[in-house]
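Novice: Just to be clear, the model below is a prediction. Sequence and coordinates:
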Amino acid sequence: MCIVEYQQLKRLSNMGFFKKVFGNAVEEVKKNLEDSKNEILKNLEDKKNEMLKDLNAKKDEVLGNLGINSSKLSQFSSLIRNLDGDVTEQKQTTSTKSKAITVEGILVTDIDTLIKHGIEKDDFSNRDKMTSVIIPDGVTKIRYSAFDNCKELTSITIPESVIEIGSFAFRDCKQLTSVTIPKGIKSIETCAFRNCEKLTSLVIPDGVTKIGEDAFWGCSSLVSITIPESVIEIGSCAFRGCKQLASVTIPKGVTSIESYAFCHCEKLTSLVIPDGVTKIGKDAFGGCSSLTSITIPESVTEIGSEAFNECQELTSITIPKGITSIEFGVFFKCNKLTSIHIPDGVTKIGKFAFSWCKKAKFNQLPNSIIEIGDDAFYGCQELTSVLIPNGVKEIGDCAFDKCSNLISITIPRSVTSLGNYVFRDCENLSDITVDGNNTIYDSRNNCNAIIETATNTLLYGGTKTVIPDSVKSIKEQAFCGCSNLTSITIPDNVECIEEGVFAYCKKLQYVKLSNSIEEIKEDTFSNCISLKSINIPHSVTYISKNAFIGCESLKSITSEKDAKTFDTNIFKDCKSLKKVTLPPKVEIG
């Protein structure tokens, strides 16, 4: 009788009908079905035992072929301590019990599998409670991410049989304090020990040829490391963020120091780059804030952008003769850098190359330079004079901005492009000369200013500037931050004064405005804190917002007759203003 028939009969019996008609037939059917079930279960148990017997026989055969005694299986009772995986008790052939640890469904007591295949990807990764590991002799490979993110792992024993440690193998083992790398290792792969924050020292054995990308990035407690002469490659970010690393010796076989290799090694004080290195990559030593000296060999032909940025204790540097371009931000914020030799052959000084090198002096630039990039010498406060070589064609935006002690500048005949704000906030700039053979710019009548010849626009002025009568307009911020300018007369031919022309001229006391200008634009005299009075000519019909903001010594303003429109905040923070004479018709915004 099939199960479906039985279930139908059972439903009838529940209605009280079946028992009356068929008597005890249901009970007999139940007994037959129970007997069948027990027979099936017994057959399954026998089959399982037969399969286990075959598997054990196969295991013993493999162990014998490998020459491994079966007692070696007990080593794995100490392979992983305090593991938070599934732990089950397994009965042994002896009267004692030992723990067989199951990870990802695999019994790690299968030593033949472990030795044959190595510790596989993710085998023990993300184990939050694992504190120590002993890998048995015979294992040859620790593969990709094997112990990745074991955050409580403090110690690991790696046998000399291991010849491969894969990428990310011990990444984020944040409590790991020491590790001995076996002598058979040839390469330390990508991120192998990244963010091992408690690792304090390490000896890389002779025979290793490669330290991969990010290998020790974020090992913030690493104080010392021994790199053998066998190493010929140090990957990008290899030691990035090793904040306690005080010294390192780069092997002679290394030919390239890749990007970010030693970035933010904040305790590194000195470094010798061996002869044979041809390239120093982007940001290779950026943020090495204790680095006081570095030797760069003549073999180097390329220094990447930001290579030494924010090396705040670096005092001198000699750039090799093979360098043709000083790239973006190479020495940005090297605050104590005083001695810099730029060799002949350099054609470009890139953006921010020496920006905020506050103590650096560049009295003579090599004749090979043809381009000075944006902000190249921004904030070089000890720079007093610059003779720009004939050959330079382009000077970028803000190239000498905030060079507060710059006194003199000479623009050669070769310059065809001057960016915006090139000499802004050069508060002591007084002597400005343009070569007489320059066809784009001039300093006519020895005016101590730079004028765009074709448009008669004054671009940049200084403390001694006398504006020629031929000038038609003054470019925005032309005198901005020229703190030592005390007086200025603007000829009547000047028809336009752009925004912020005299902003932050803190010693400016006297201004004679042109009778041809129609508008005083935004921030024209903002924060001229010494200006005491101003006469606004009759030609002016509009005064823009903030035109005199912050002129705290301004006492009187006279505006000649004719209609005027005043925007908002024109005289904001003019604390001394007592007298304002306005024409009859004034519209105030």
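Specialist: Nice, I can see it. Residues are numbered from 1 along each chain as shown.
Novice: is it true that residue 391 touches residue 414?
Specialist: Yes: Residue 391 is in contact with residue 414 according to C-beta atoms under 8 Å; the separation is 5.3 Å. C-betas here are computed from N, CA, C, even on glycine.
Novice: Report the set of residues contacting both of these two.
Specialist: Overlap of the contact sets of residue 391 and residue 414 (by C-beta atoms under 8 Å, 6 or more residues apart in numbering) consists of residue 370.
Novice: quick one, phi/psi of residue 133?
Specialist: The phi/psi pair for residue 133 (degrees, to the nearest 10) reads phi -140, psi 130.
Novice: Quick one: the helices in this protein, in order.
Specialist: According to DSSP state H, the chain carries its helices in the segments 3-14, 18-22, 25-66, 111-117.
Novice: Now do residue 316: how many residues are near it, please.
Specialist: Using other C-beta atoms under 10 Å, the number of residues around residue 316 comes to 13.
Novice: and the gap between the nearest residue to it once chain neighbours are set aside and residue 216?
Specialist: Nearest residue to residue 316, sequence neighbours excluded (C-beta to C-beta, 6 or more residues apart in numbering): residue 339, at 3.9 Å. The gap separating residue 339 from residue 216 is 33 Å, by C-beta to C-beta, to the nearest Å.
Novice: Look at these two and report which has more neighbours.
Specialist: Taking neighbours as other C-beta under 10 Å, residue 339 and residue 216 compare with residue 216 leading, 26 against 11.
Novice: That one touches residue 235, doesn't it?
Specialist: No: Residue 216 is not in contact with residue 235 according to C-beta under 8 Å; the separation is 10.2 Å.
Novice: quick one on the thing from earlier: hang on, the residue nearest to residue 316 packs against residue 314?
Specialist: No: Residue 339 is not in contact with residue 314 according to C-beta under 8 Å; the separation is 10.2 Å.
Novice: Next one: the residue nearest to residue 316 relative to residue 273, how far apart?
Specialist: 18 Å.
Novice: Please work out how many residues are found near the nearest residue to residue 477 once chain neighbours are set aside.
Specialist: Excluding the flanking residues, the one nearest residue 477 by C-beta to C-beta, 6+ apart is residue 500, at 4.5 Å. Counted with other C-beta under 10 Å, the neighbours of residue 500 add up to 23.
Novice: Identify the residues contacting residue 500.
Specialist: 476, 477, 480, 521, 522, 523, 524, 526.
Novice: got it, and residue 517?
Specialist: Residue 517 neighbours (C-beta under 8 Å, 6+ apart): 490, 494, 495, 496, 497, 537, 539, 540.
Novice: for the residue nearest to the third one when sequence neighbours are not counted, what are its contacts?
Specialist: Computed as C-beta to C-beta, 6+ apart, the closest residue to residue 495 that is not its neighbour in sequence is residue 516, at 4.8 Å. Applying C-beta under 8 Å, 6+ apart to residue 516 gives the contacts 492, 493, 494, 495, 539.
Novice: ok, now residue 573?
Specialist: Neighbour list for residue 573: 549, 550, 551, 552 [criterion: C-beta under 8 Å, 6+ apart].
Novice: Of those residues, just say which sits nearest to residue 570.
Specialist: For the contacts of residue 573, the residue nearest residue 570 by C-beta to C-beta is residue 549; the value is 7.5 Å.
Novice: Distance of the closest one relative to residue 172?
Specialist: Distance of residue 549 to residue 172, given as C-beta to C-beta: 53 Å.
Novice: and if you look at residue 432?
Specialist: 58 Å.
Novice: close enough to count as contact, residue 537 and residue 515?
Specialist: Yes: counting by C-beta under 8 Å, residue 515 is a contact partner of residue 537 at 4.8 Å.
Novice: between those two, who's got more neighbours?
Specialist: It is residue 537, of residue 537 and residue 515, that has more neighbours when counted by other C-beta under 10 Å, with 19 against 15.
Novice: how about the more buried one, what does it touch?
Specialist: Shown in contact with residue 537 (C-beta under 8 Å, 6+ apart): 513, 514, 515, 517, 560.
Novice: same check, this time on residue 208
Specialist: 181, 185, 186, 187, 188, 228, 230, 231.
Novice: Just the pLDDT at the last one, thanks.
Specialist: I take that to be residue 231. pLDDT for residue 231: 97.
Novice: Quick check, it in contact with residue 215.
Specialist: No: the pair residue 231 / residue 215 is not scored as a contact, 11.1 Å apart, by C-beta under 8 Å.
Novice: for stretch 248-257, what is the average pLDDT?
Specialist: Rounded mean pLDDT across stretch 248-257 is 95.
Novice: gap between the two ends of that stretch?
Specialist: End-to-end distance of stretch 248-257: 13 Å, with C-alpha to C-alpha, to the nearest Å as the criterion.
Novice: so how far is residue 172 from residue 217?
Specialist: Look at residue 217 and residue 172: by C-beta to C-beta, they are 11 Å apart.
Novice: Can you work out which residues contact both of these two?
Specialist: Between them, residue 217 and residue 172 share the contacting residues 194, 195, judged by C-beta under 8 Å, 6+ apart.
Novice: neighbour-wise, which of these two wins?
Specialist: Using other C-beta under 10 Å as the criterion, residue 217 and residue 172 rank with residue 217 on top: 26 against 21.
Novice: Break down the stretch 451-589 of the chain into its strands, ranges please.
Specialist: Secondary structure of the stretch 451-589 of the chain (DSSP state E, counting those that start in this stretch): strands located at 457-461, 473-474, 487-489, 496-497, 510-512, 519-520, 533-536, 542-543, 556-559, 564-566, 579-581, 586-588.
Novice: could the ones you listed go into TSV alongside mean neighbour count and distance to residue 252?
Specialist: Output for the strands of the stretch 451-589 of the chain, formatted as TSV (neighbours: other C-beta atoms under 10 Å; distance: least, C-beta to C-beta, whole Å):
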stretch	mean neighbour count	distance to residue 252
strand 457-461	24	50
strand 473-474	23	59
strand 487-489	15	62
strand 496-497	20	63
strand 510-512	15	66
strand 519-520	21	67
strand 533-536	17	69
strand 542-543	20	70
strand 556-559	17	73
strand 564-566	18	73
strand 579-581	11	76
strand 586-588	11	76
